[in-house]
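Colleague: Whatever this is, show me its structure:
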Amino acid sequence: MNPGTLVIRADASIAIGTGHVMRCLALAQAWRDSGGVVLFAAAELTAAIVHRLTNEGMEIADLRLESGSGRDAHELAALARDRHAIWVVVDGYQFDLAYQRTIKDTGLRLLFIDDTGQCGPYCADIVLNQNAYATEEMYLDRDPSTKLLLGPNYALLRTEFAGWREWRRDFVPVARRLLITMGGSDPENCTARVINAVQSIDLKGLEINIAIGGSNPHVESLHALVSRFPRDIRLEVGVNNMAELMARADLAISAAGSTCYELALLQVPMVLLALADNQVPTARALANARAAIDAGWFATFNEERFTSLLRNVITDRELRRSLAQRARRLVDGLGAHRVCQLLLHNDAAQREASPRLQVGIC
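Modeller: Predicted coordinates:
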């Protein structure tokens, strides 16, 4: 079967972050590995994301219009028809029922990648919510024919993580190597406050690795901040070896976005901070599954309370082991391949979309 062209509609900016595009990149890689071609269509992309997609060999169409508008939908449909695409993927909170209907009315098939359940009514052929809190009740307002793919079984992880599926972690008595990763853009510079908090922990031998996206607007100030500390601390910008950084870490302090599912695969114990409204349910769901520590909403960040929590996790090997093992049970690293195959084989999609992954306490 020739997969043909997959058209993906997603945006990235400092304000909305880069997560929509980066998880779509995982699906794009899986589609390309199946022999297909991928076209990303965007109204807005950061320079770093353009560079990443270009290096991945992805084609980009610059729509230059109001994202989520009627014109956006019509131009996307026309673009997909010109490329003889069958499937269109949209990932973003601006794609409402009218937008979905415009795509569907042209005869195209539509996959909607979602997090909130608040973009309905939904008429897409498939709605994918990869999050640990996803339930069918979030999508009661949908067409009878709309199929649901719910839970981390469908987590979209990029190909760089594929080689780590069989890897197993050793848990040291005291965590020494800390990874800080607060998202692709981090407009409020939460990274700086986390660095200051970690630096105040009075434990010898801590090695701190900070990974920030190439779309982060605070690179210079973060470099200046890091240079003031004598501790073993490194700042890495726009890394393409995130899986390796995670594998080296004994503990991660992370925003509660899609990165959580990457950390889960690599069995990295997680302390999570919600930097946006849509991250709150992820942190809570993983904490309820005892797969992560929920450090709360960053707007109420308290450095003293955070460092006390962090110190406890650093020195408790059995807690870290338990968190990591429970997280790993949620994610197998095959989500992007699984979704790709469902798109390629519609009969299989109808069979596989019926079971709902319900995440509970393991």
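Colleague: which intervals of this structure have sub-threshold pLDDT?
Modeller: Counting by pLDDT under 70, the chain has low-confidence residues at 1, 346-362.
Colleague: Pro240: what's it in contact with?
Modeller: For residue 240 the amino acid is Asn, not Pro. By C-beta atoms under 8 Å, 6 or more residues apart in numbering, the contact set of Asn240 is Arg52, Glu160. Where C-beta positions appear, they are placed from N, C-alpha and C, glycine not excepted.
Colleague: Could you do Leu6 as well?
Modeller: Going by C-beta under 8 Å, 6+ apart, the list of residues near Leu6 reads Leu27, Ala28, Trp31, Gly36, Val37, Val38, Leu39, Ala85, Trp87, Val89, Leu343.
Colleague: Any idea which residue is closest to the centre of the protein?
Modeller: Ser258 (2.3 Å; C-alpha atoms, centre = their mean).
Colleague: Contact partners for it?
Modeller: Going by C-beta under 8 Å, 6+ apart, Ser258 touches Gly19, Met22, Arg23, Gln130, Ala155, Leu156.
Colleague: Make CSV out of those and add distance to Val7, secondary structure and neighbour count.
Modeller: Formatted as CSV, these follow (distance: C-beta to C-beta, whole Å; DSSP: H, G, I helix; E, B strand; the rest coil; neighbours: other C-beta atoms under 10 Å):
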residue, distance to Val7, secondary structure, neighbour count
Gly19, 19, helix, 23
Met22, 17, helix, 24
Arg23, 16, helix, 25
Gln130, 20, coil, 26
Ala155, 22, coil, 28
Leu156, 16, coil, 26
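Colleague: Could you dump those into TSV and include distance to Arg52?
Modeller: Below are the contacts of Ser258 laid out as TSV (distance: C-beta to C-beta, whole Å):
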residue	distance to Arg52
Gly19	13
Met22	8
Arg23	13
Gln130	20
Ala155	19
Leu156	15
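Colleague: just those now: which is nearest Tyr93?
Modeller: Taking C-beta to C-beta as the measure, Gly19 is the one of those closest to Tyr93, at 11.7 Å.
Colleague: these two touch, right, the closest one and Gly257?
Modeller: Yes: using C-beta atoms under 8 Å, Gly19 is in contact with Gly257, at 5.2 Å.
Colleague: list residues touching both of these two?
Modeller: Contact criterion C-beta under 8 Å, 6+ apart; residues shared by Gly19 and Gly257: Gly183.
Colleague: Can you give me the domain boundaries for this structure?
Modeller: Domain segmentation of the chain under automatic domain parsing yields 5-157+333-352, 161-330.
Colleague: Pull up the distance across the last one, start to finish.
Modeller: Just to be clear, that refers to domain 161-330. 15 Å (C-alpha to C-alpha, to the nearest Å).
Colleague: any idea how far it is from the chain center?
Modeller: 14 Å (C-alpha atoms, centre = their mean, to the nearest Å).
Colleague: try the first one
Modeller: Here the centre of domain 5-157+333-352 is set off from its chain's centre by 13 Å, with C-alpha atoms, centre = their mean.
Colleague: And the helices in the stretch 101-250 of the chain, which stretches?
Modeller: 190-199, 219-227, 242-248 (DSSP state H, counting those that start in this stretch).
Colleague: out of those helices, nearest to Glu303?
Modeller: helix 190-199 (4.6 Å).
Colleague: quick one: contacts for Asp232?
Modeller: Leu206, Glu207, Ile208.
Colleague: which one of those has the most neighbours?
Modeller: Among those, the one with the most neighbours (other C-beta atoms under 10 Å) is Ile208, at 23 neighbours.
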